[in-house]
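In: Fold the following for me, if possible:
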Amino acid sequence: MHHIRVQCEAFDIAAEQAALWQGRPQVGAVVTFTGLTRDINEDKAVRRLVLEHYPGMTEKALVALAVEAAGRWHLEGVRLIHRVGTLTPQDPIVFVGVAARHRGEAFEGCQFLIDALKTRVPFWKKEAREDGEHWVGTRASDAAAARRWERRDD
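Out: Next up, the predicted model:
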């Protein structure tokens, strides 16, 4: 079961988490990640963040990640929600939730999804900071995190 949404509206973290396990007695573990909009980047205060995406392409990339994760780990469910539009500090921006029979697969699946999402899904971020508006690129640390999940033919 994969549930993918890209939306402007806020989401209810507890409701999204509960949807992963309620009525599904085979689920033994739920791992979630919620990303929040920060108030600082590169030592500059951030007043707001504007997220843009390519409708259709973004959802397709998120579905592909969910399918890949489910193929690598025995997952009972995946929920990916990413907000777009204008956000302010402390606004939830992304929710990644994974349900599995066992915790190890849930943890790995969730970590893979957020690491891959940061580098493989087309979102564009522009920050309004004290020194003006700036587009935000992929961080080297995000790229390094995503590389550890790359499959290698050994």
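In: can we go C-alpha only for contacts and neighbour counts from here?
Out: Noted.
In: May I ask which helix or strand of the chain has the lowest mean pLDDT?
Out: None of the helices or strands of the chain scores lower by mean pLDDT, DSSP states H and E than helix 140-147, at a mean of 73.
In: Tell me which residues are up against it.
Out: Contact with helix 140-147 is made by 112, 115, 116, 118, 119, as judged by Cα atoms under 8 Å, 6 or more residues apart in numbering.
In: what do you get if the cut-off is 10 Å, keeping everything else the same?
Out: 111, 112, 113, 114, 115, 116, 117, 118, 119, 120, 139 (Cα atoms under 10 Å, 6 or more residues apart in numbering).
In: OK, contacts around the second one?
Out: Under the criterion of Cα under 10 Å, 6+ apart, the contact list for residue 112 reads 65, 66, 68, 69, 72, 106, 145, 146, 148, 149, 150.
In: So among the residues you listed, which ones count as buried?
Out: For the contacts of residue 112, a burial check counting by 16 or more other Cα atoms under 10 Å picks out 65, 66, 69, 106, 145, 146.
In: now those in a markdown table, with distance to residue 2?
Out: Formatted as a markdown table, the buried ones among the contacts of residue 112 follow (distance: Cα to Cα, whole Å):
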| residue | distance to residue 2 |
| --- | --- |
| 65 | 10 |
| 66 | 7 |
| 69 | 10 |
| 106 | 14 |
| 145 | 23 |
| 146 | 21 |
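In: Cool, thanks, talk later.
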